[in-house]
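[1] Give me a model of this one.
(chains A and B, ligands or ions: 1)
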Amino acid sequence: MNLDTSPRLQDPDGFLALIMEAHRGLDAEAARRFDARLALILANQIGDMAVLRQAIALARGTG
Amino acid sequence: MPTHANPRYAAPPPPAGPESRGVVVVGAGLVGLTLALDLARHGVAVTVLDDDDTVSTGSRAICFAKRTLEIYGRLGLGERLRAKGVTWKTGRVFHRDQEAYAFDLLPEQGHEYPAFVNLQQYYVEEWLVEACVAAGVDLRWKHRVAAIEPGAASVALSVETPGGDYTLTAEWLLACDGARSPLREAMGLPFTGQVFRDRFLIADVVIRGDVAFPTERWFWFDPPFHPGQSVLLHKQPDDVWRIDFQLGWDADPEAEKQPDRVIPRVRAMLGPDVPFELEWVSVYTFRCRRLEQFRHGRVIFAGDSAHQVSPFGARGGNGGVQDADNLAWKLAAVLRGEAPERLLDSYDAERIPATDENILNSTRSTDFITPKSEAARAWRDAVLELARDHAFARPLVNSGRLSRPATLAESPLNSVDSGHWPAGAVPGTPAPDAPVMRDGQPDWLLRHLGQDFCLLVFDAVWSPTLPGLRCLFVTAEETPGALWDHSGLAAARYGAPPGGAVLIRPDQHIAARFAALDEAAVSAAIDRAMGRSP
Ligand SMILES: Cc1cc2nc3c(=O)[nH]c(=O)nc-3n(C[C@H](O)[C@H](O)[C@H](O)COP(=O)(O)OP(=O)(O)OC[C@H]3O[C@@H](n4cnc5c(N)ncnc54)[C@H](O)[C@@H]3O)c2cc1C
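    Below you'll find the model as predicted:
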């Protein structure tokens, strides 16, 4: 499977608002852990190591 | 009162003049002694030199894995380790005050040896010394190698002893002189890898009477009694418990070793009412590194001199014992003239990938336990937080991936299957054990494989007439002279079709599988496993 980089979010503004809302009141360290928890949950949902590898490379700016 | 007193072995006087020996092992540690014993049992005359006069002191290896026990089973010591050792197979990981994850290292029944026993390294070494002496090994305590001069066909050693110095020329030199390896240093060989910026207090504590902990491996991240750091607990024989306290890089190793620092840490963990005594206390920094090659002509490195790992995963000693297991039969075959010298190159081809697997696993565990950055710590803590309530996060928790035998799947000594072999342990794998019945008595398959090539034949009475090849018959129905696979586990673990056969190497790894018996194919597989095929 390949990483799908076409726009797929049904409600992009709503998604970002949800993330911003979830971060409210978190200090830097708690926010970092929240982001890590979220990324772990999403990574597990994806499951596929090849896709995850591509996603990490893309995020690093090397993909 | 210490629970154990190290024996002191007498130093033999030096020889009157220069000497020559076929095989010299430098270092009578866990690996050197194992290698010497294995070689002696293959009929090789061995001289062992050690700079000390005793076995391992202090807090060193305690977790001996199933594969190591099987190797010691072959060498006649397995039952002794099993009987004295504390058997365990469950690991439990806690985060703060809750369990985050548990693992079972041997969920399957039907193996002679358990997943692990815990046993102090000095016991194993003492029994190895006894067995070496009985096997005729020439053990020389307080004979320190001071200089080495490797040549094309031999290696010259300068040896220092309390009674005087001498020169010893060895045809083969097996360097088992530990992680600091003076031989490796003298030969200028790079030993590269990484240091983990952390310190660990390792305390062996005697607790007599009731202890609330079961015989399991318990690991805590950030427990209330040692906040912000990790703790590992293991039970050993003689009421000794091993406790590892993570201290962090800034800890002062000298100060942390003092009883006035250690006792409150242990008390915080055990509670105020549990009496204990400190047996050994040390502070370690861990490393993962290896030599680029283990064989350098007539000098061959094994154990910690060749590779070093952090102890999370118990891969140091267990890996070194597998080095010895791998090397002994090969060197014995070369010395008997049955195999060409290049068989020894397969020691590198097999043990370097095995070492890399150990280093990879130990490194990943250590990186989890000691995160290298704030971001790494956030991810690690996120894993632990999720693991408490969510099964998906538990396999990510890494407190040590415990030693597994190397599979040697890419070994040049393996043959491709002859005919279609449907399933089961693949070539390169250590031969799986299984319960069997022999002459009406319960028995174990591995006990019968021996230390020479052996053909395991399933449900057929065919034996190839190949010199030096023993056949072992495994049958589904009770048959005189055969091992009765009454539970079907042997056939299942090997994936053997009726009439199939498996060629087992002297170190009890699978070399080849034959769906139908074919003498020429068996003969070719033995040639390949002996390094004789072009
Ligand atoms: C805290 C701790 C916990 C560990 N836990 C485990 C565990 O649970 N399981 C596991 O499998 N492993 C464990 N290990 C690793 C294990 O102890 C080592 O991997 C093992 O001891 C290596 O054996 P060796 O024979 O290669 O080296 P060593 O045991 O170090 O032996 C080397 C020998 O060479 C001798 N020598 C050195 N220089 C010379 C010289 N110039 N001349 C003659 N002789 C010389 C030394 O005296 C010594 O006897 C642990 C290690 C530590 C530190």
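
[2] can we go C-alpha only for contacts and neighbour counts from here?
    OK.

[3] Residue A:3 sits in which helix or strand?
    Under the criterion of DSSP states H and E, residue A:3 resides outside all helices and strands.

[4] Does residue B:528 fall in a helix, a strand, or a coil region?
    Three-state call for residue B:528 (DSSP: H, G, I helix; E, B strand; the rest coil): helix.

[5] In terms of helices and strands, where is the residue positioned nearest the centre of chain A?
    Against the mean C-alpha coordinate of chain A, by Cα atoms, centre = their mean, the closest residue is residue A:39 at 5.1 Å. For residue A:39, the host element (DSSP H and E) is helix A:28-46.

[6] How about residue B:231?
    Using DSSP H and E, residue B:231 falls in strand B:230-235.

[7] Any part of that strand near the ligand?
    No. If you take Cα under 6 Å from any ligand atom as the test, strand B:230-235 misses the ligand, and the best it gets is 9.4 Å.

[8] now swap in stretch B:144-153 and tell me
    Yes. Remark: stretch B:144-153 sits within contact range of the ligand at B:144-146, by Cα under 6 Å from any ligand atom.

[9] What of stretch B:177-196?
    Yes. Counting by Cα under 6 Å from any ligand atom, the ligand has neighbours in stretch B:177-196: B:177-179, B:181-182.

[10] How about stretch B:308-325?
    Yes. Stretch B:308-325 reaches the ligand (Cα under 6 Å from any ligand atom) through B:311, B:314-318, B:320.

[11] Name the nearest of the residues you listed relative to chain A.
    residue B:315 (26.6 Å; Cα to the nearest Cα).

[12] follow-up on the earlier one: pull out the buried residues from the residues of stretch B:144-153 next to the ligand.
    B:144-145 (16 or more other Cα atoms under 10 Å in any protein chain shown).

[13] Kindly provide the distance from the residue of chain A most remote from its centre to residue B:350.
    Within chain A, the residue lying farthest from the chain centre (Cα atoms, centre = their mean) is residue A:25, at 19.9 Å. Using Cα to Cα, to the nearest Å, residue A:25 is found at 55 Å from residue B:350.

[14] for the ligand, what are the nearby residues on the stretch 251-400 of chain B?
    B:303-305, B:311, B:314-318, B:320.

[15] Would you mind putting these into a markdown table with secondary structure alongside?
    Formatted as a markdown table, those follow (three-state DSSP):
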| residue | secondary structure |
| --- | --- |
| B:303 | helix |
| B:304 | helix |
| B:305 | helix |
| B:311 | coil |
| B:314 | coil |
| B:315 | coil |
| B:316 | helix |
| B:317 | helix |
| B:318 | helix |
| B:320 | helix |
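
[16] Columns distance to residue B:358 and pLDDT on top of these, output as a markdown table?
    Listed next are those as a markdown table, based on distance: Cα to Cα, whole Å; pLDDT from 0 to 100:
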| residue | distance to residue B:358 | pLDDT |
| --- | --- | --- |
| B:303 | 12 | 98 |
| B:304 | 12 | 98 |
| B:305 | 15 | 98 |
| B:311 | 10 | 91 |
| B:314 | 9 | 95 |
| B:315 | 6 | 96 |
| B:316 | 8 | 97 |
| B:317 | 11 | 98 |
| B:318 | 10 | 98 |
| B:320 | 11 | 98 |
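
[17] Would you check which pair of these lies furthest apart?
    Farthest pair in these (Cα to Cα) is B:305 and B:314. Separation: 16.5 Å.

[18] more neighbours, those two?
    More neighbours surround residue B:305 than the other of residue B:305 and residue B:314, with 26 against 22 (other Cα atoms under 10 Å in any protein chain shown).

[19] This completes my enquiry, with thanks.
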